[in-house]
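# fold the following and give me the result.
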Amino acid sequence: MDEPISMDERYPARWWHLLDDGRIQCDLCPRDCKLHEGQRGACFVRGRVGNAMVLTTYGRSSGFCVDPIEKKPLNHFYPGSSILSFGTAGCNLACKFCQNWDISKSRSFDRLADQASPEAIARAAAEHGCKSVAFTYNDPVIFAEYAMDTADACHALGIKTVAVTAGYIHDQPRREFFAKMDAANVDLKAFTDEFYVKLTGAHLQPVLDTLKYLRQETDVWVELTTLLIPGHNDTPHEINAMSEWIVKELGADVPLHFSAFHPDYKMANVPPTPLETLIRARQIAQAAGLRYVYTGNVHNREGDTTFCPSCGSTLIVRDWYEIRQYRLTPDGHCPDCSTQIAGRFEKFTKAFGARRIPVMMKGTS
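Okay, here's the model as predicted:
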């Protein structure tokens, strides 16, 4: 039984239409949820009230923190800068391995204690010296209206915006949503539809469509993350096939992060990803032609470091989220051979560091 939608949860939603049988279809993502009065979609945060769709989490967050940009993870988008991160609740995927399940799988909005308008979020980012704001923790696709309004408020103050997303979204909302974003880290969870169906309740092709759209039709800076789960998506064959597809369809300059799985949620019986698996995946991706491949959720300085793809020089040495050495020129060139490194760069002065700073909002308007 769906929870009743209260009056303060009724923010008008976009991307829906009324069906001939009286139901409302949500047109935001490929789930195409069809709802009777009072029902919520699979994401749990978009629902029907009367003959309209509403978003129940507009202006309500599970919390705000200032993070290093490398934690998103983004290694080529203003390295060393800080980013104000926040999310809401719910998700349009059903990943059995979710690492943020307490937020994204929440069926109770008690966690949404922090309320903030888009303008308040932008001001908070500016006051804390953040280069950008990240829509993260749960997928911003499902709170797109809130994220887009916040992006407008951020851009008005010269602050960049970042979507951390699985990319599971229909074409029209995809175009409108990403028109507001400066960067995105997209989870490419695997490279088989079987994995997506069995472990996420979704399909692979819409994600590939999102990636091709972002790289071929927008100026959004894109990095990819694949969480390698032992026995499920970590074979050399699948990693090679995925890497070759990325090179062919997105280009060799797209950074790819292989991240370590830790037992959680409905896959607590699966062992953690061995470091050797991540190192091997990185080598396979590099052999396929990808120029910037990283490892994450493990201590592996070489896998954290950015190297020049032309001369091999060490350019940015990272230790987890700490930058130990930075040698790029202000406009992102290798100082040794002048090769342009793919990404968004500016003059580097001092890294924000690995700390995480909780932020309390100062009002909602």
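# what domains does the record give for this structure?
Domain assignment for the chain, taken from automatic domain parsing, gives 7-55, 60-358.
# pLDDT on the first one, on average?
Domain 7-55 shows a mean pLDDT of 94 in the predicted model.
# and that domain, how far from the chain's centre?
Here domain 7-55 is found 24 Å from its chain centre; the criterion is C-alpha atoms, centre = their mean, to the nearest Å.
# which residues of the stretch 251-365 of the chain fall in strands?
Counting by DSSP state E, counting those that start in this stretch, the stretch 251-365 of the chain has strands at residues 256-260, 293-296, 306-307, 314-319, 322-326, 357-359.
# CA atoms only for stretch 225-232, dumped as PDB, please.
Only the C-alpha atoms of stretch 225-232 are listed here, as PDB (Å, rounded to 0.1, in the frame of the first residue of the first chain):
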ATOM      1  CA  THR A 225      32.300   4.500 -12.900                       C
ATOM      2  CA  THR A 226      32.000   0.700 -12.900                       C
ATOM      3  CA  LEU A 227      31.600  -1.100  -9.600                       C
ATOM      4  CA  LEU A 228      33.300  -4.500 -10.100                       C
ATOM      5  CA  ILE A 229      31.400  -7.200  -8.300                       C
ATOM      6  CA  PRO A 230      33.200 -10.600  -8.000                       C
ATOM      7  CA  GLY A 231      31.500 -13.200 -10.200                       C
ATOM      8  CA  HIS A 232      29.000 -10.800 -11.700                       C
END
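# quick check: buried residues in that stretch?
In terms of neighbour count (16 or more other C-beta atoms under 10 Å), stretch 225-232 has its buried residues at 225-229, 232. All C-beta atoms are positioned from the backbone trio N, CA, C, and that covers glycine.
# from these, which two are the most distant?
225 and 232 (15.6 Å; C-beta to C-beta).
# just for this structure, where's the confidence low?
1-2, 5-8, 101-114, 362-365 (pLDDT under 70).
# now with 90?
Within the chain, the ranges that satisfy pLDDT under 90 run 1-10, 60, 62-63, 89, 97-115, 263-266, 320, 360-365.
# can you tell me which strand in it is longest?
strand 221-228 (DSSP state E).
# which residues does that one contact?
With C-beta atoms under 8 Å, 6 or more residues apart in numbering as the test, strand 221-228 has contacts from 73-77, 97, 99, 182-190, 211, 214-215, 233-234, 242, 246, 250, 254-261, 273, 277-278, 281, 296, 343-344.
# can I get the buried residues of stretch 225-232 in JSON lines with distance to residue 333?
Shown next, in JSON lines, are the buried residues of stretch 225-232 (distance: C-beta to C-beta, whole Å):
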{"residue": "225", "distance to residue 333": "26"}
{"residue": "226", "distance to residue 333": "29"}
{"residue": "227", "distance to residue 333": "32"}
{"residue": "228", "distance to residue 333": "32"}
{"residue": "229", "distance to residue 333": "37"}
{"residue": "232", "distance to residue 333": "40"}
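# re the thing from before, of the contacts of strand 221-228, grab the buried ones for PyMOL.
Buried subset of the contacts of strand 221-228, written as a PyMOL selection, criterion 16+ other C-beta under 10 Å:
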select buried, resi 73+74+75+76+77+97+182+183+184+185+186+187+188+189+190+211+214+215+233+234+242+246+250+254+255+256+257+258+259+260+261+273+277+278+281+296+343+344
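# list the ones among the contacts of strand 221-228 that fall in helices.
Mapping those onto helices (DSSP state H) picks out 211, 214-215, 242, 246, 277-278, 281.
# closest one of these to residue 93?
Using C-beta to C-beta, the ones in helices among the contacts of strand 221-228 come closest to residue 93 at residue 211, 15.7 Å.
# just checking, that closest one touches residue 167?
Yes - look at residue 211 against residue 167 with C-beta atoms under 8 Å: they come within range, at 6.4 Å.
# between those two, which contacts overlap?
With C-beta under 8 Å, 6+ apart, residue 211 and residue 167 have common neighbours 186, 188.
# tell me where the stretch 1-150 of the chain has helices.
Assigned by DSSP state H, counting those that start in this stretch, the helices in the stretch 1-150 of the chain fall at 101-104, 118-127, 144-156.
# looking at these, which is nearest to residue 10?
Closest approach to residue 10 among these is made by helix 144-156 (12.4 Å; C-beta to C-beta).
# residue 287 and residue 293, how far apart?
From residue 287 across to residue 293, the span is 10 Å (C-beta to C-beta, to the nearest Å).
# higher neighbour count, the two?
Using other C-beta atoms under 10 Å, the more surrounded residue of residue 287 and residue 293 is residue 293, with 23 against 12.
# what residues are bridge-paired with that one?
For residue 293, the beta-bridge partners under DSSP bridges are residue 256.
# so it sits against residue 286, correct?
Yes - here residue 293 reaches residue 286: they are 5.4 Å apart, a contact under C-beta under 8 Å.
# pull the number of nearby residues for residue 133.
29.
# mind checking how far residue 188 is from residue 88?
23 Å.
# sec struct for the residue most central in space within the chain, please.
For the chain, the residue nearest the mean C-alpha position is residue 164 (1.3 Å; C-alpha atoms, centre = their mean). Secondary structure, DSSP: H, G, I helix; E, B strand; the rest coil: residue 164 is strand.
# quick one on the thing from earlier: residue 68 is nearest to which of the strands of the stretch 251-365 of the chain?
strand 322-326 (8.2 Å).
# nearest to residue 333, of the ones in helices among the contacts of strand 221-228?
residue 215 (22.2 Å).
# right, and residue 58 touches residue 14 too?
No - using C-beta under 8 Å, residue 58 makes no contact with residue 14, being 11.5 Å away.
# which residues do the two both contact?
With contacts taken as C-beta under 8 Å, 6+ apart, the residues that reach both residue 58 and residue 14 are residue 145.
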